[in-house]
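> Structure of the sequence below:
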Amino acid sequence: MSISAGRGAALSEALGYVAAWRGRRVVIKFGGRAMAAGSYGTLLADITLLRRSGIAPILVHGGGPEITETLERLGLEARFLDGLRVTDRETMRVVEMVLAGHVNKRLVGELQQLGGAAAGLSGKDGGMLRVTQHEKTELGFVGDIARVDTSILDALIGSEFIPVVASLGVDEQGATYNVNADTAASALAVAVGAEKLLLLTDVPGVKGADGELVSEVTPSEAKELIDTGVVSAGMIPKVDSCLQAIENGVRSGHIIEASRPHALLSELFTEEGVGTMIRSVEGSSS
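Next up is the predicted model:
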């Protein structure tokens with residue numbers, strides 16, 4: 001079977017990226033409305049392929065809509081303050097049950113069905129995410145990350161597992177806290193020395209003032225988009241999470257649509273990508 005020149009060039013480009021990326025780490029965050037829609041297409045298959053290619057993916061997940069659905073089914077109120085879930089003790093029990101139980105094990109099971117060796121855990125395991133209570137104490141058990149211990153992740157990656165991390169943390173007294181998944185992914189990307197942070201969402205990426213997708217921006221350009229109101233609402237914390245990672249050594253942050261076929265591979269292994277890349281000034285465009 002012959003291969004067209006165009007397909008051959010694309011394969012050559014992709015294989016070059018794969019070779020260059022062998023042994024490197026990437027943190028991938030998935031959750032929210034993208035997960036609730038159930039339309040994550042090839043995402044888990046792509047993550048499995050990355051691991052088989054010698055690249056070390058770490059999947060971090062939330063599950064807000066499933067938490068809200070479970071609370072409502074149990075007759076409990078889902079309350080929010082400034083976009084953050086108010087997490088009292090009873091709500092925290094539900095959050096842990098949904099994230100570390102149902103969602104985490106479902107993702108692990110699906111990865112293993114695809115041939116990947118996956119291990120499910122949360123930020124509590126091995127004291128991975130140590131937290132302090134959010135300054136808005138009225139939020140209850142909502143935590144800010146104080147420090148990260150990557151020992152358990154290093155061990156799993158060294159054994160060629162795909163770590164699947166639920167966004168929970170633990171304080172010095174052993175209490176469990178709800179942690180924003182974008183924030184957790186950003187902190188983990190910095191701590192494990194990841195090359196890239198990829199945030200999977202239900203939109204194609206960041207849009208400019210003209211409504212068109214912005215394929216690549218520098219941190220200063222991204223901040224200007226926020227300051228001028230072009231980036232607003234739910235996209236702000238995603239851009240902020242990318243900026244935090246980049247400011248602390250991660251080469252680039254990416255915001256891409258989960259349901260697009262092979263979006264993850266296209267963003268990593270092609271020059272043009274498919275979403276929005278925020279890159280460090282020193283970083284390359286790949």
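> on contacts alone, who are the packing partners of the helix or strand where residue 268 lies?
Residue 268 belongs to helix 263-269 when assigned by DSSP states H and E. When contacts are defined as 3 or more Cβ pairs under 8 Å, 6 or more residues apart in numbering; DSSP states H and E, helix 263-269 sits against helix 5-21, helix 43-52, strand 196-201, strand 252-257. For every residue, glycine as well, the C-beta is placed using N, CA and C.
> Sticking with residue 278, tell me its helix or strand.
Going by DSSP H and E, residue 278 is part of strand 276-279.
> Could you do residue 157 as well?
helix 151-158.
> what's the next helix or strand after that helix packed up against?
Sequence order places strand 162-166 as the next helix or strand after helix 151-158, per DSSP H and E. Here strand 162-166 touches helix 43-52, strand 56-61, helix 104-113, strand 118-122, helix 151-158, going by 3+ Cβ pairs under 8 Å, 6+ apart.
> switch the cut-off to 7 Å
Judged by 3 or more Cβ pairs under 7 Å, 6 or more residues apart in numbering; DSSP states H and E, strand 162-166 is in contact with strand 56-61, helix 104-113, strand 118-122, helix 151-158.
> contacting residues around the last one?
Spelled out, that is helix 151-158. Contacting residues not belonging to helix 151-158 are listed as 56, 58, 119, 121, 125, 126, 128, 163, 192 [Cβ atoms under 7 Å, 6 or more residues apart in numbering].
> Then the second one?
Helix 104-113 is contacted from outside by 44, 47, 48, 59, 61, 118, 120, 122, 162, 164, 166, using Cβ under 7 Å, 6+ apart.
> For it, give the mean pLDDT please.
The average pLDDT for helix 104-113 rounds to 94.
> again, but for stretch 256-273
The pLDDT scores in stretch 256-273 average 86.
> And for stretch 277-286?
So the average pLDDT for stretch 277-286 ends up being 69.
> in this structure, which helix or strand is least confident?
helix 5-21 (a mean of 56; mean pLDDT, DSSP states H and E).
> Perfect, that will be all.
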